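A.B. asks: quick one: sequence plus predicted model below, questions after.
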Amino acid sequence: MKKELILIAAVIISGALLFLSLVEFKNPISVPGNIEQNMFVIAVGIDKGTEAEGNYRLTVIGEKFSGESGGSSSSKGKVPDLVSVEGRTMFEVTRNFNLFKSKSLFWGHIKYILVSEEIAKEDILNVLDFFVRDQELRFNTTVAVVKDISAEKFLRVGEKIEKFIPDLLDGVFKNIPRLSISEQVSLLHVMQDFDSEYSDSAIPCIGLATLSKEEVKGGDTMGTAATEESNTKEESSTKEESSTKEESGSKKNTGLLEESGSEEVKPNKEITGDQELSSKDVIYLDLDGFATFKEEKLLGYITHFTARGLNWVKSKVQSGIIVLKHETDDKDESHISMEIISADSKIKTTIKDDIPEATIDIKFSTNLGEMMFQEDIFDQEQIKKLNEQQNEIVKKEAEDVIEYSQKNGIDLLDISDKIYHQHPVEWEKLKEKWKETFKTMKITVNVESNINRTYHVREPIRSDSGEKKWHFYLYL
């Protein structure tokens, strides 16, 4: 009997394999017509129309390849295919592109949906409906809100500095885990958040920042939009420098459109909608924090440490730097840089007499990455003080975002979801007045940390601690 069952199973498997080998499978998102007849959209910007009241204006950017070297070496062979069109609805706009383009739009390769601040303030769901309904669109497309300027201006800045904007977006989103002050959010995640009646959404915000070239020190700038002549002269040296130069972190998670020689360049002002960009400006992509929503409308922004506080609460911190203060023997204040190695958080809820409370337990570990003084601080008492100090910093970041959420009555922390799963019966009573209950409920933050190691050096250079030794992978 056992042999018969094995024989039957073998026949079934063989038949299935034969069937699969004969069937011609096709991608469910097929490209209509020939490839040459389609424009492959990589990013789209959504703004309010300018031609008529109530119109939407879409700016799409694709890629067309050229054998010529266009602009800087990093963009060699990549030429943006960029066009803007208006219409009364999103679907109508996409069809109106055919009035201006010989090619049809193909959405199967889209990576970024950029919604302008003006659209987000009115109703972001109105413009996102098309992207979740059309069969060509992908649910893993990244959604972001463009801050202070129009989405069209954001995408067209690439023409001025001869860079391909989607590639720069790839860079800044890829580096999010290094600072943990934002998050890459997919279209599916956004729609799930908005589908919840009791939680609210936070979407990454991105903008442009500028620094005049007169303020840039330390070397020649690269990738500028100054003149074709200067680009030609600098091109050969740029190729050599770019192959050896490593990217360095900065206060914000920015994507450099232009770099300086040896010193780090930071943006000193954000670009607004009415600001004209000059060829004398060094321009950056500025990804910092989240755009927060109350229901379907943009409420405001949380940036840098408050934004990282949200990631602490939601257990989405992957890395980053915590800067601690230290008073040296001569009473001068110096700094210690701690690198976040791992982090986790858990939210526990309790309900007593129909009054909910929440406790957020955050645990993380750090390594000592830098100390800007020569004293030896590696003893149990000093390590304990460092732990306490970094605990207070993380607690403050978490409490800041809690205060922001409760003050504005938006549950960015997903507390409602925790209560629903941990206390499903009691939740039925709470959900009717949840927004008001959330504003006043007690939320406690507990933080526990551990300093793992000091990397290669245990005792600072020229410290007065006795014999100097280099300790490799020393764990405290």
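C.D. replies: Ah, there it is. Numbering: from 1, shown residues only.

A.B. asks: all helices for the stretch 101-250 of the chain, in order.
C.D. replies: 117-122, 124-133, 151-161, 165-174, 176-179, 187-195, 228-244 (DSSP state H, counting those that start in this stretch).

A.B. asks: same list (these) but as CSV, adding mean neighbour count, mean pLDDT and distance to residue 104.
C.D. replies: (Each C-beta comes from the backbone N, C-alpha and C, glycine too.) Below are the helices of the stretch 101-250 of the chain laid out as CSV (neighbours: other CB atoms under 10 Å; pLDDT from 0 to 100; distance: least, CB to CB, whole Å):
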stretch, mean neighbour count, mean pLDDT, distance to residue 104
helix 117-122, 18, 93, 25
helix 124-133, 17, 89, 16
helix 151-161, 21, 85, 20
helix 165-174, 19, 91, 20
helix 176-179, 19, 92, 34
helix 187-195, 17, 91, 22
helix 228-244, 13, 39, 33
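
A.B. asks: in a markdown table: these, plus distance to residue 382.
C.D. replies: Output for the helices of the stretch 101-250 of the chain, formatted as a markdown table (distance: least, CB to CB, whole Å):
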| stretch | distance to residue 382 |
| --- | --- |
| helix 117-122 | 47 |
| helix 124-133 | 49 |
| helix 151-161 | 47 |
| helix 165-174 | 36 |
| helix 176-179 | 27 |
| helix 187-195 | 42 |
| helix 228-244 | 39 |
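
A.B. asks: of those, which is nearest residue 413?
C.D. replies: helix 187-195 (12.2 Å; CB to CB).

A.B. asks: so what touches that closest one?
C.D. replies: Contacts of helix 187-195 with the rest of the structure, by CB atoms under 8 Å, 6 or more residues apart in numbering, involve 113, 124-125, 128, 131-132, 137-143, 199-203, 293, 296.

A.B. asks: repeat for stretch 438-450
C.D. replies: 355-366, 387, 390-392, 394-395, 398-399, 402, 405-407, 409, 411, 413, 415-416.

A.B. asks: circling back to that earlier point, write the PyMOL selection for whichever of the contacts of helix 187-195 are buried.
C.D. replies: Buried residues among these (16 or more other CB atoms under 10 Å), as a PyMOL selection:
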select buried, resi 113+124+128+131+137+141+142+143+199+200+201+202+203+293
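
A.B. asks: which of the contacts of helix 187-195 fall in strands?
C.D. replies: Members of the contacts of helix 187-195 lying in strands (criterion: DSSP state E): 113, 142, 143, 202, 203, 293.

A.B. asks: closest to residue 152 among these?
C.D. replies: Relative to residue 152, the closest of these is residue 113; by CB to CB it sits at 13.8 Å.

A.B. asks: now residue 418. Its backbone dihedrals?
C.D. replies: Torsion angles at residue 418 (phi, psi; degrees, to the nearest 10) stand at phi -70, psi -40.

A.B. asks: swap that for residue 318, please
C.D. replies: The phi/psi pair for residue 318 (degrees, to the nearest 10) is phi -110, psi -40.

A.B. asks: from residue 342, how far off is it?
C.D. replies: Distance, residue 318 to residue 342, using CB to CB, to the nearest Å: 8 Å.

A.B. asks: mind listing what's buried along the longest strand seen in the chain?
C.D. replies: Longest strand of the chain, by residue count under DSSP E: strand 333-352. For strand 333-352, a neighbour-count test (16+ other CB under 10 Å) marks 336, 338, 339, 340, 341, 343, 345, 347, 349, 351 as buried.

A.B. asks: now do the strand or helix carrying residue 388: which elements does it pack against?
C.D. replies: Using DSSP states H and E, residue 388 sits in helix 380-408. Contacts defined by 3 or more CB pairs under 8 Å, 6 or more residues apart in numbering; DSSP states H and E place helix 380-408 against strand 281-294, strand 297-302, helix 304-313, strand 321-327, strand 333-352, strand 355-371, helix 434-440, strand 442-451.

A.B. asks: run the chain-centre distance for the fourth one.
C.D. replies: Same thing as strand 321-327. 25 Å (CA atoms, centre = their mean, to the nearest Å).

A.B. asks: again, but for the third one
C.D. replies: Distance of helix 304-313 from the chain centroid (CA atoms, centre = their mean) equals 12 Å.

A.B. asks: what about that helix, average pLDDT?
C.D. replies: Helix 304-313 shows a mean pLDDT of 95.

A.B. asks: give me the angle between that helix and strand 333-352.
C.D. replies: Between the axes of helix 304-313 and strand 333-352, defined by axes from the mean of the first three to the mean of the last three CA atoms, to 10 degrees, the angle is 40 degrees.

A.B. asks: so residue 356 versus residue 348, what's the distance?
C.D. replies: 11 Å.

A.B. asks: report pLDDT for residue 457.
C.D. replies: So residue 457 comes in at 56 (pLDDT).

A.B. asks: still on that earlier bit, what subset of the contacts of stretch 438-450 is buried?
C.D. replies: Counted by 16+ other CB under 10 Å, the contacts of stretch 438-450 give 356, 358, 360, 362, 364-366, 387, 390-391, 394-395, 398-399, 402, 405-406, 411, 413, 415-416 as buried.
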